[in-house]
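A.B. asks: only geometry, no sequence info:
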């Protein structure tokens, strides 16, 4: 029973190392780092299990290959082996399930002390971003001039998601999170950007023929630059 535990521990340690993201974009938010770590763990654990299974198949095929016409020993059961191959998958699934639940709780938590509230409204086919405390509204649609807003780095932003018509989906790939906008339901997601830059977001739910024309840009800037951006809007309150 020590070998399965050692393999699981190795998967956790390797997942925490600086290994390639294996198809995932590098996260630019604190919440995205939880998703990235969980993804690395699943990939490493899957690779270890795959290597173990292939290794056992090759071992059995070579070690017990037919050498003569003698009938091999016939055993009705092998209790230790049966216990190992029954308990090991249970341990692996239980560990991955527990880590997934822990990560999910962090991602769905909306209890930041002083978040910047941004009300996001999706419509066919564009976006409206309202900053109620700052009295700023940005609206736009289309690939040529998509709506663009500024967000302060290292400050939690609470996106309140709504739709005026069909279901849309708020998705910024580098945040490694996605939430649906559903009629009658105020979904919320908190994101804490950690890197300066411009990040493209899109609707990730097919919402009609012009679904592809729903990008938006998030400019992650310093707090001073964000305050200046707010002041640039008539009637705004920094």
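C.D. replies: All right, it came through fine. Bear in mind the structure is a predicted one, so any value in this text is a computation, not a measurement.
A.B. asks: what about residue 174, neighbour count?
C.D. replies: Using other C-beta atoms under 10 Å, residue 174 has 20 other residues around it. All C-beta atoms are positioned from the backbone trio N, CA, C, and that covers glycine.
A.B. asks: can you check residue 205 too?
C.D. replies: 19.
A.B. asks: so it touches residue 182, yeah?
C.D. replies: No - contact criterion C-beta atoms under 8 Å: residue 205 and residue 182 do not qualify, at 9.6 Å.
A.B. asks: so what sits against both of the two?
C.D. replies: residue 167 (C-beta atoms under 8 Å, 6 or more residues apart in numbering).
A.B. asks: which parts of this protein are helices?
C.D. replies: 2-15, 30-63, 79-108, 223-231 (DSSP state H).
A.B. asks: how about those helices, which one is nearest residue 130?
C.D. replies: helix 223-231 (12.7 Å; C-beta to C-beta).
A.B. asks: what's the closest one in contact with?
C.D. replies: Contact with helix 223-231 is made by 131, 134, 136, 150-153, 155, 219, 221, 236-238, as judged by C-beta under 8 Å, 6+ apart.
A.B. asks: can you check stretch 65-82 too?
C.D. replies: Contacts for stretch 65-82 (C-beta under 8 Å, 6+ apart): residue 64.
A.B. asks: by mean pLDDT, which helix or strand of this structure comes out lowest?
C.D. replies: Ranked by mean pLDDT, DSSP states H and E, the weakest helix or strand in the chain is helix 2-15, scoring a mean of 48.
A.B. asks: so residue 30 touches residue 194, yeah?
C.D. replies: Yes - under the criterion of C-beta under 8 Å, residue 30 makes contact with residue 194 at 5.8 Å.
A.B. asks: what's the closest of the contacts of helix 223-231 to residue 170?
C.D. replies: residue 151 (13.6 Å).
A.B. asks: tell me the contacts of the closest one?
C.D. replies: Counted by C-beta under 8 Å, 6+ apart, residue 151 has contacts 116, 118, 157, 193, 218-221, 226.
A.B. asks: show me how the protein divides into domains.
C.D. replies: What automatic domain parsing lists as the domains of the chain is 2-108, 116-231.
A.B. asks: so residue 39 touches residue 27, yeah?
C.D. replies: No - Residue 39 is beyond contact range of residue 27, at 9.7 Å (criterion: C-beta under 8 Å).
A.B. asks: between the two, tell me which one has more neighbours.
C.D. replies: Counted by other C-beta under 10 Å, residue 39 and residue 27 do not tie: residue 27 has more neighbours, with 22 against 18.
A.B. asks: wait, residue 118 sits on residue 159?
C.D. replies: Yes - using C-beta under 8 Å, residue 118 is in contact with residue 159, at 5.3 Å.
A.B. asks: any idea how far residue 59 is from residue 49?
C.D. replies: 16 Å (C-beta to C-beta, to the nearest Å).
A.B. asks: which one's more surrounded, those two?
C.D. replies: residue 49 (17 against 10).
A.B. asks: so what's that one closest to, chain neighbours aside?
C.D. replies: Spatial nearest neighbour of residue 49, chain neighbours left out: residue 92 (6.7 Å); criterion: C-beta to C-beta, 6 or more residues apart in numbering.
A.B. asks: alright, that wraps it up for me.
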